[in-house]
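Student: Make a model of this:
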Amino acid sequence: MHFRWLLKGLFLAGALLVLGPLSPAYGEDMRESGNAEISTKELSGVVDLLEDSKRRETFVRDLKNLIKVKESRTKESEEVSRKPEEKKEKKLLVIENLFAGFDSFSKRIIGAGASTVSLVSKTPEALGKAKVFLSQRQNRSNFLRLLGTVAGGILVALIVGYLLGRYLPRIEERMRGLPSKVVIGLVQIILRVIPYFVVLLSLFILFKALPSFPLSHSIVLLFFTVLLFYRVALELFRILLSPDNERIRIFPLKGENANYFWVWVLRFARYTLFYFLVTRILFVVEIAPQSFLFIRALLLIGFPLLISVFIMQISREIRTRYETLEKSSESTKYNQKRSLGLIVRYWQIFVIAYAWAIFLFLVVRYEKGFSYLLVATIGTAITILAIFLGLGIRDWLFKKLFAINERVRERFPGLEERTNRHIRIIKRVFGFIIVIIGVGVIAHVWGIPVSALIASKSGSLIIIRTITIAITVGVVVFVIETSQFLSNYLLKSKKKGKKKKEPTQKIKTLVPMINTSIRIAAGFVGGIVILDQLGVNTTPILAGAGIVGLAVGFGSQTLVKDLINGLFILFEESIRVGDYVNAGKEGGIVEAVGLRTVRLRDVSGNVHVIPNSSIDTITNMSKEFSRSVIDIGVAYKEDVDEVMEILREIGENMQNDPEYQKVILEPLEIFGLQSFEDSAVIIRTRLTTKPLKQWGVKREFNRRVKKAFDERGIEIPFPHQTIYLGEPKEGPAAPLHVQIRDHNRQGKEPA
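Tutor: Sure, this is the predicted structure:
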């Protein structure tokens with residue numbers, strides 16, 4: 001009995017190798033032979049197999065491969081059926097499990113690769129068998145009948161395609177609007193696909209009427225079936241993109257973009273055609289399972305590679321257009337720009353990873369993971385579309401319900417903004433509710449038990465704390481926005497009559513400081529409340545903040561002194577931006593007044609940053625008004641009263657001059673004879689001007705004084721020295737001889 005089943009197994013293995021490729025249904029015969037008796041013909045086949053050395057070696061090698069496959073499957077089934085107690089007894093580390101799994105997976109890949117190489121190595125042998133097979137007359141006639149049948153089916157399809165092609169241009173001329181494009185496009189798809197359906201139907205009928213090789217019939221029908229679906233997909237995208245004719249294009253794309261997407265549609269369609277042809281034909285001829293899975297996995301990897309390249313190209317184009325749009329538009333808020341920029345830069349990473357995950361599940365034949373991702377993806381896409389649809393309906397309803405008449409809007413431009421100010425808040429609340437519901441549906445689609453989580457105690461606690469955090473964030477945002485609004489209002493220039501009144505320097509400095517302090521305080525308090533709701537113990541944080549503040553207070557006494565002095569300077573308004581002051585050893589125009597430092601720029605353009613704590617005395621030369629004291633020196637021989645009258649006349653002329661009358665606030669003051677100097681008498685005057693105008697007025701006054709004195713012959717003396725030779729005790733002083741020589745008169749007597 002045992003010998004009988006041994007012979008039966010040997011016969012089945014030999015039939016798998018020798019007769020399998022030539023039999024269209026050898027798998028079914030093999031399965032049915034399990035309950036059949038072994039005949040004399042079968043025993044003769046086994047004897048022939050044992051006598052042929054080449055066939056015997058091949059048979060032994062295949063038996064060894066079958067044994068390896070059986071052992072590997074047995075090991076896998078043992079690992080799957082292993083109990084948890086046995087796993088705990090081994091106490092393997094996680095990293096060891098990972099390496100063990102990787103080792104098992106690697107062995108399976110190596111085994112599948114070896115099986116595939118072995119299959120490829122049999123190609124010459126298969127070609128030899130095919131040659132022997134076709135050398136028989138009956139087989140040759142069947143082969144020619146097969147070729148003739150295929151040629152006849154293709155010829156019928158070509159005739160039908162030619163007849164239908166005459167109506168396609170007429171149909172395209174009727175395309176006008178979008179509905180006609182869709183309807184006529186579907187008609188075009190049907191007309192262009194009918195020839196492929198005809199060839200399938202013709203071949204099916206001809207194969208029934210003229211049978212040849214059943215396996216070849218299956219392969220040919222499979223080829224034209226895959227080709228039919230390939231043409232359906234291509235024609236569908238041809239109607240949508242229409243790369244050659246923009247008039248019938250359904251998608252609103254430019255010509256270049258439509259052709260770009262059409263190129264990628266062709267690439268994906270052709271590779272998909274190649275994949276299905278190879279894998280389905282290999283499945284029909286029933287090659288070894290390991291080889292089939294290995295080839296299928298290699299072909300599947302091509303899909304995520306193509307998707308990755310396509311996504312990276314699209315991502316680069318989107319990023320370039322976004323950067324261009326970002327530079328041209330300045331009205332978008334910073335936060336919106338930042339979030340949108342992050343999405344634009346990194347979305348392709350998640351899409352590519354998702355594509356690879358789907359196809360890796362297919363490669364390793366993890367059907368549950370693939371179906372889970374596929375169903376979740378479709379559900380997510382439908383939910384996102386529903387969210388956008390809900391938001392669109394919300395916008396339409398609010399626009400219809402709260403719209404303002406066009407005439408009223410033109411008469412009162414600001415009325416719409418005033419009436420819709422709080423309506424927008426309600427609109428945003430509805431949008432938030434729609435998004436939250438959509439997110440819940442998406443979470444449910446991905447297997448997260450949202451309803452059970454909400455009904456549980458922990459879920460209720462999470463919801464309450466989430467609401468508390470949302471309220472806290474809302475209060476913080478309200479405080480910050482209110483502070484910012486008041487800050488903008490106080491810093492805004494106000495009209496007073498025809499002039500604009502600028503805010504004082506005290507307001508310009510204190511308001512931003514108070515606004516920043518409020519923002520920091522609100523953010524800190526809100527952060528503490530949020531951390532407390534998240535379960536973080538905030539007591540150490542508060543204690544640490546107090547200790548840090550105390551340490552900073554002790555370690556930065558100079559900084560505290562700077563701040564206190566800066567506050568007094570600001571409150572007293574001792575100096576303002578634009579004043580000319582002397583602070584300590586430096587002087588210049590005030591560019592900034594802060595809580596810690598004062599920044600001056602002198603006449604030479606040098607910037608001096610002076611800490612407030614080092615400022616002991618401030619001399620402000622432009623506080624409300626400025627004055628310039630001018631000392632005029634004249635010779636002793638001049639009439640002082642006449643000189644003062646001339647100076648008064650010059651002052652009146654300047655005050656009546658259109659260029660200077662706006663900056664001179666008071667008439668020229670003449671104090672009188674100030675002092676007697678070595679070579680002149682000094683007359684002191686004073687001009688009162690607007691702040692920072694005293695120096696320009698003084699220079700113009702001096703210019704006019706010089707011009708007037710020159711015209712009236714009033715001497716402006718310059719310092720001179722008297723030489724005194726002294727007197728001797730006896731007799732008069734010796735005379736002082738002075739010789740004046742003319743260097744141009746050489747050799748002549750001195751004058």
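
Student: Who are the packing partners of the top helix by length along the chain?
Tutor: As assigned by DSSP state H, the longest helix anywhere in the chain is helix 289-328. Using 3 or more Cβ pairs under 8 Å, 6 or more residues apart in numbering; DSSP states H and E, the elements in contact with helix 289-328 are helix 94-121, helix 255-284, helix 334-363. Placement of C-beta: from N, CA and C, glycine included.

Student: next one: the helix or strand harbouring D532 to chain centre, how far?
Tutor: Taking DSSP states H and E as the criterion, D532 maps to helix 505-533. Offset of helix 505-533 from its chain centre (Cα atoms, centre = their mean, to the nearest Å): 30 Å.

Student: Same check on stretch 241-255?
Tutor: 30 Å.

Student: Check stretch 634-641 too.
Tutor: 82 Å.

Student: Now do it, average pLDDT.
Tutor: Stretch 634-641 carries an average pLDDT of 90.

Student: ok, now stretch 706-721?
Tutor: For stretch 706-721, mean pLDDT rounds to 85.

Student: Please apply the same query to stretch 541-549.
Tutor: 76.

Student: Pull that stretch out as PDB, backbone CA atoms only.
Tutor: Extracted C-alpha coordinates of stretch 541-549, given in PDB (Å, rounded to 0.1, in the frame of the first residue of the first chain):
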ATOM      1  CA  ILE A 541       7.100  75.700  37.500                       C
ATOM      2  CA  LEU A 542       5.700  78.600  39.500                       C
ATOM      3  CA  ALA A 543       8.200  78.100  42.300                       C
ATOM      4  CA  GLY A 544      11.100  78.000  39.800                       C
ATOM      5  CA  ALA A 545       9.800  81.100  38.100                       C
ATOM      6  CA  GLY A 546       9.800  82.900  41.500                       C
ATOM      7  CA  ILE A 547      13.300  81.800  42.300                       C
ATOM      8  CA  VAL A 548      14.600  82.800  38.900                       C
ATOM      9  CA  GLY A 549      13.000  86.200  39.200                       C
END
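
Student: Run through the helices of the stretch 151-300 of the chain in chain order.
Tutor: Taking DSSP state H, counting those that start in this stretch, the helices of the stretch 151-300 of the chain run over residues 168-173, 178-209, 214-241, 255-284, 289-328.

Student: List the buried residues of the longest one.
Tutor: If you call a residue buried by 16 or more other Cβ atoms under 10 Å, then helix 289-328 has these buried ones: 290-297, 299-300, 303-304, 306-308, 310-311, 314-315, 322.

Student: And that helix, how far out from the chain middle?
Tutor: With Cα atoms, centre = their mean, you get 18 Å for helix 289-328.

Student: go on, the second one?
Tutor: Centroid displacement of helix 178-209 relative to its chain, using Cα atoms, centre = their mean, is 45 Å.

Student: how about that helix: buried residues?
Tutor: Those would be 181, 184-185, 188-189, 191-193, 195-200, 202-203, 206-207, for helix 178-209 by 16+ other Cβ under 10 Å.

Student: and what of the fourth one?
Tutor: Buried residues in helix 255-284, defined by neighbour count with 16+ other Cβ under 10 Å: 258, 260-262, 264-265, 269, 272-273, 275-277, 280, 282.

Student: Now do that helix and helix 289-328, the angle between them.
Tutor: Inter-element angle recorded for helix 255-284 and helix 289-328: 170 degrees (by axes from the mean of the first three to the mean of the last three Cα atoms, to 10 degrees).

Student: Could I get the average pLDDT for helix 255-284?
Tutor: Rounded mean pLDDT across helix 255-284 is 88.

Student: Could you check the angle that helix makes with helix 214-241?
Tutor: If you take the same axes, to 10 degrees, helix 255-284 sits at 160 degrees to helix 214-241.

Student: And helix 255-284, what does it pack against?
Tutor: Looks like helix 255-284 contacts helix 214-241, helix 289-328 (3+ Cβ pairs under 8 Å, 6+ apart).

Student: Check the offset of that helix from the chain's centre.
Tutor: The mean C-alpha position of helix 255-284 is separated from the chain mean by 31 Å, Cα atoms, centre = their mean.

Student: okay, the helices and strands packed on helix 289-328 in CSV with distance to I454 next?
Tutor: Formatted as CSV, the helices and strands packed on helix 289-328 follow (distance: least, Cβ to Cβ, whole Å):
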stretch, distance to I454
helix 94-121, 34
helix 255-284, 42
helix 334-363, 27
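
Student: mind checking which of those helices is nearest R648?
Tutor: Comparison of the helices and strands packed on helix 289-328 against R648 by Cβ to Cβ identifies helix 334-363 as nearest, at 62.6 Å.

Student: so the closest one versus helix 289-328, what angle?
Tutor: Going by the same axes, to 10 degrees, helix 334-363 makes 170 degrees with helix 289-328.

Student: angle of the next helix or strand after helix 334-363 against helix 334-363?
Tutor: Note on helix 334-363: by DSSP H and E, the next helix or strand toward the C-terminus is helix 367-401. Here helix 367-401 runs at an angle of 150 degrees relative to helix 334-363 (the same axes, to 10 degrees).

Student: buried ones in helix 367-401?
Tutor: Buried residues in helix 367-401 (16+ other Cβ under 10 Å): 370, 373, 380, 383, 387, 390-391, 394, 398.

Student: what packs against that helix?
Tutor: The helices and strands touching helix 367-401, judged by 3+ Cβ pairs under 8 Å, 6+ apart, are helix 334-363, helix 421-445.

Student: And it, how far out from the chain middle?
Tutor: 23 Å.

Student: and it, average pLDDT?
Tutor: 81.

Student: Where does pLDDT dip in the stretch 51-200 of the chain?
Tutor: Scanning the stretch 51-200 of the chain for pLDDT under 70 picks out 54, 69-70, 72-108, 167-178.

Student: Is it possible to get JSON lines of the helices of the stretch 151-300 of the chain that adds distance to L147?
Tutor: Converted to JSON lines, the helices of the stretch 151-300 of the chain look like this (distance: least, Cβ to Cβ, whole Å):
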{"stretch": "helix 168-173", "distance to L147": "31"}
{"stretch": "helix 178-209", "distance to L147": "12"}
{"stretch": "helix 214-241", "distance to L147": "10"}
{"stretch": "helix 255-284", "distance to L147": "18"}
{"stretch": "helix 289-328", "distance to L147": "27"}
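
Student: Quick check: mean pLDDT of stretch 208-222?
Tutor: 84.

Student: Identify the residues contacting that stretch?
Tutor: 23-25, 142-143, 145-146, 148-150, 200, 203-204, 207, 277, 280-281, 284-285 (Cβ atoms under 8 Å, 6 or more residues apart in numbering).

Student: Between its first and last residues, what's the separation in it?
Tutor: Distance between the two ends of stretch 208-222: 16 Å, counting by Cα to Cα, to the nearest Å.

Student: Show me which positions of it end up buried.
Tutor: 212-213, 215-220, 222.

Student: what's the closest of the helices and strands packed on helix 255-284 to T468?
Tutor: helix 289-328 (36.4 Å).

Student: follow-up on the earlier one: nearest to K623, out of the helices of the stretch 151-300 of the chain?
Tutor: Nearest of the helices of the stretch 151-300 of the chain (Cβ to Cβ): helix 289-328, 45.9 Å.

Student: List the residues that contact I301.
Tutor: 359, 363.

Student: and what of A357?
Tutor: By Cβ under 8 Å, 6+ apart, the neighbours of A357 are L373.

Student: that older thread, of the buried residues of stretch 208-222, closest to G431?
Tutor: Nearest to G431, judged by Cβ to Cβ, of those is L222 at 51.4 Å.

Student: re the thing from before, between the buried residues of helix 255-284, which sits nearest E642?
Tutor: Nearest member of these to E642, counting by Cβ to Cβ, is Y260, at 94.6 Å.

Student: List the buried residues of stretch 672-686.
Tutor: Buried residues in stretch 672-686 (16+ other Cβ under 10 Å): 680-681, 683, 685.
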